[in-house]
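Asks: Structure for the following, please:
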Amino acid sequence: MIATIAPWRLQCPLLSIHHPNTERARLMEQLHLNPCTRLAGSIKLPGSKSISNRTLLLAALSGGSTLVRDLLDSDDIRHMLSALKLLGVKIEQQGDSRDFRVQGCGGVFPVKNAELFLGNAGTAFRPLTAALALMGGSYQLSGVPRMHERPIGDLVDALNAAGARIEYLGQPGFPPLAVSPADVRCAAPIQVKGNVSSQFLTALLMALPLTGGQAEIEVVGELISKPYIEITLNLMARFGVRVERDGWQRFVIPGGQHYISPGEVYVEGDASSASYFLAAGALAGGPVRVEGVGEASIQGDVRFAEALERMGASVRLGDNWIEARAEGRLKAIDLDCNHIPDAAMTLAVAALAADGTTTLRNIASWRVKETDRLSAMAAELRKVGATVEEGPDYIRVTPPAALTPNAEIDTYDDHRMAMCFSLVSLLGAPVVINDPGCVAKTFPGYFQALAALQAQ
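Replies: You can find the predicted model right below:
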């Protein structure tokens, strides 16, 4: 099936098929995007994936009932909701809204034997692994084939060293996993590597308060994606657990703390998703305003706005909104992107409109995401004519004199690849997005939202 935007209007809906207990199975589709020279308007962002899944787990582990408002509607969140319900957590959606009431279980899941399928949701798989290791039950965790290629060994090693019993059901160091009853003790500091995924540290931070005793975590090596740890610490504090830290190498969770419901939590708009619309404002005139994130956000990816401003765009911020517009041609930048690991992908495509060569550094974490994003980004940028240098933890992008029209962009079942490369159509070249339905992981209505900006 072929869906077409001409210009920027959907002629037929994206096609997707949902199967119980399996990841979304889709027919192969293509989405043809014709060139669009001007976008402007405003958009209310869907909820943050990182905040949504962390909040759901903390609400489930807490004492009391929590009303979670503006929860993201996406595949990854559905996997967390399904898993928590299988574990005995009572969760009720409030009518047709995206508000959910979660009845906390006081730190102990009622169900002690379960098989959980978590798709490709790292924000569900890693924290649930750590929490289940402390539950005294028998559990199996699995996902789609790509999830079974994403490393989890550093987290498993850290938990097993503290007394957990987690076994690999396939390749050592990777899911699927089997968790058995064990007595986890935190008498000695728990060490975890920080250079592969910050989700390992997040998982330990969120789970260890369940022991009731003091726990100390030592990060071995450089910690990547630090802003995501800030999100974790912020949300833990909202649920009544404080963490002391010495820089980014040592974290201490004082004993005697328990998660307590704050009563109500609002999920911020997704700052990573904001990057596509802000870039659209910089590439296609604007102004484009995103609502739901701003100066008061707890998400590190709001700093994408700073990078876009460095490239020459005009950017304004409020407490709960950010706006971008074009201010002449963009210019190349050389940037350490550790603080914006997901949003940095958008910069790689924006570099196609910049004068000179753009270098994005410290992005090794791209390789262990939904796909190897470094290699995937390099391959697809070359399809549109860019000159690309791919390093172990960096990418350099030099735009062509003219973009290759009608390039067919493979998305690798990665939502961010699809959303990033939709921006090519704002640069005067038609582009074809293969498997556009993959955006359902975090933003099912992305293409419709982008099309609506042209109508505005």
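Asks: Determine the number of other residues adjacent to the nearest residue in space to residue 99 that is not next to it in sequence.
Replies: Sequence neighbours aside, residue 69 is the residue nearest to residue 99 in space, at 4.8 Å (criterion: Cβ to Cβ, 6 or more residues apart in numbering). The C-beta positions use only the backbone N, C-alpha and C, and glycine is treated the same way. For residue 69, the neighbour count with other Cβ atoms under 10 Å is 16.
Asks: Identify the bridge partners of residue 69.
Replies: Per DSSP bridges, the residues bridged to residue 69 are residue 266.
Asks: Against residue 166, how distant is it?
Replies: Plainly put, residue 69 is 34 Å away from residue 166 if you go by Cβ to Cβ, to the nearest Å.
Asks: now do residue 200
Replies: The spacing between residue 200 and residue 166, counted by Cβ to Cβ, is 13 Å.
Asks: Among these two, which residue is more densely surrounded?
Replies: Comparing residue 200 with residue 166 by other Cβ under 10 Å, the one with more neighbours is residue 200, at 28 against 21.
Asks: Please name the residues that touch that one.
Replies: Neighbour list for residue 200: 126, 152, 154, 155, 158, 192, 193, 194 [criterion: Cβ atoms under 8 Å, 6 or more residues apart in numbering].
Asks: Next one: the residue nearest to residue 99 from residue 82, what distance?
Replies: Taking Cβ to Cβ as the measure, residue 69 falls 20 Å from residue 82.
Asks: Could you pull out the helices in the stretch 1-150 of the chain for me?
Replies: Taking DSSP state H, counting those that start in this stretch to define them, one finds helices in the stretch 1-150 of the chain at 49-61, 75-86, 122-132.
Asks: Switch the ones you listed over to JSON lines; also include mean pLDDT and mean neighbour count.
Replies: Shown next, in JSON lines, are the helices of the stretch 1-150 of the chain (pLDDT from 0 to 100; neighbours: other Cβ atoms under 10 Å):
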{"stretch": "helix 49-61", "mean pLDDT": "97", "mean neighbour count": "27"}
{"stretch": "helix 75-86", "mean pLDDT": "97", "mean neighbour count": "21"}
{"stretch": "helix 122-132", "mean pLDDT": "98", "mean neighbour count": "26"}
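Asks: Of all those helices, which one comes closest to residue 293?
Replies: Nearest of the helices of the stretch 1-150 of the chain to residue 293, taken as Cβ to Cβ: helix 49-61 at 10.4 Å.
Asks: ok, the closest residue to residue 168 other than its chain neighbours - how many residues close by?
Replies: Among residues not flanking residue 168 along the chain, residue 177 sits closest, at 6.4 Å (Cβ to Cβ, 6+ apart). For residue 177, the neighbour count with other Cβ under 10 Å is 25.
Asks: So residue 177 sits against residue 159, correct?
Replies: No: at 10.3 Å, residue 177 does not count as touching residue 159 under the criterion of Cβ atoms under 8 Å.
Asks: so what sits against both of those two?
Replies: Taking Cβ under 8 Å, 6+ apart as the contact rule, residue 177 and residue 159 both touch 129, 166.
Asks: Not counting residues beside it along the chain, what's closest to residue 184?
Replies: Of all residues not flanking residue 184 in the chain, residue 163 sits nearest, at 4.6 Å (Cβ to Cβ, 6+ apart).
Asks: Surely the one you found is in contact with residue 187?
Replies: No: using Cβ under 8 Å, residue 163 is not in contact with residue 187, being 9.4 Å away.
Asks: The two: which has the busier surroundings?
Replies: Comparing residue 163 with residue 187 by other Cβ under 10 Å, the one with more neighbours is residue 163, at 15 against 10.
Asks: distance of the more buried one from residue 113?
Replies: Per Cβ to Cβ, residue 163 is found 20 Å from residue 113.
Asks: care to break the chain down by domain?
Replies: The chain breaks down into these domains under the TED database: 30-44+268-453, 49-253.
Asks: Any chance of TSV for those domains, columns distance to residue 261?
Replies: Converted to TSV, the domains of the chain look like this (distance: least, Cβ to Cβ, whole Å):
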stretch	distance to residue 261
domain 30-44+268-453	19
domain 49-253	3
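Asks: dump the residue contacts of the residue nearest to residue 168.
Replies: If you count contacts by Cβ under 8 Å, 6+ apart, then residue 177 has 129, 140, 141, 142, 152, 156, 166, 167, 168, 169 around it.
Asks: and residue 426, what does it touch?
Replies: Residue 426 neighbours (Cβ under 8 Å, 6+ apart): 35, 36, 37, 39, 280, 283, 284.
Asks: did I read that right, it in a strand?
Replies: No: applying DSSP: H, G, I helix; E, B strand; the rest coil, one finds residue 426 to be helix, outside a strand.
Asks: Alpha carbons of stretch 33-45, as PDB, please.
Replies: Taking C-alpha atoms only, stretch 33-45 is exported to PDB below (Å, rounded to 0.1, in the frame of the first residue of the first chain):
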ATOM      1  CA  LEU A  33       6.200  13.200   0.900                       C
ATOM      2  CA  ASN A  34       6.200  15.900  -1.700                       C
ATOM      3  CA  PRO A  35       8.300  19.100  -1.200                       C
ATOM      4  CA  CYS A  36       6.800  21.700   1.100                       C
ATOM      5  CA  THR A  37       8.400  25.100   1.300                       C
ATOM      6  CA  ARG A  38       6.500  26.600   4.200                       C
ATOM      7  CA  LEU A  39       5.300  25.300   7.600                       C
ATOM      8  CA  ALA A  40       4.000  27.300  10.500                       C
ATOM      9  CA  GLY A  41       1.700  27.000  13.400                       C
ATOM     10  CA  SER A  42       1.600  25.300  16.800                       C
ATOM     11  CA  ILE A  43       1.300  21.700  18.100                       C
ATOM     12  CA  LYS A  44       0.600  20.200  21.400                       C
ATOM     13  CA  LEU A  45       3.200  17.400  22.000                       C
END
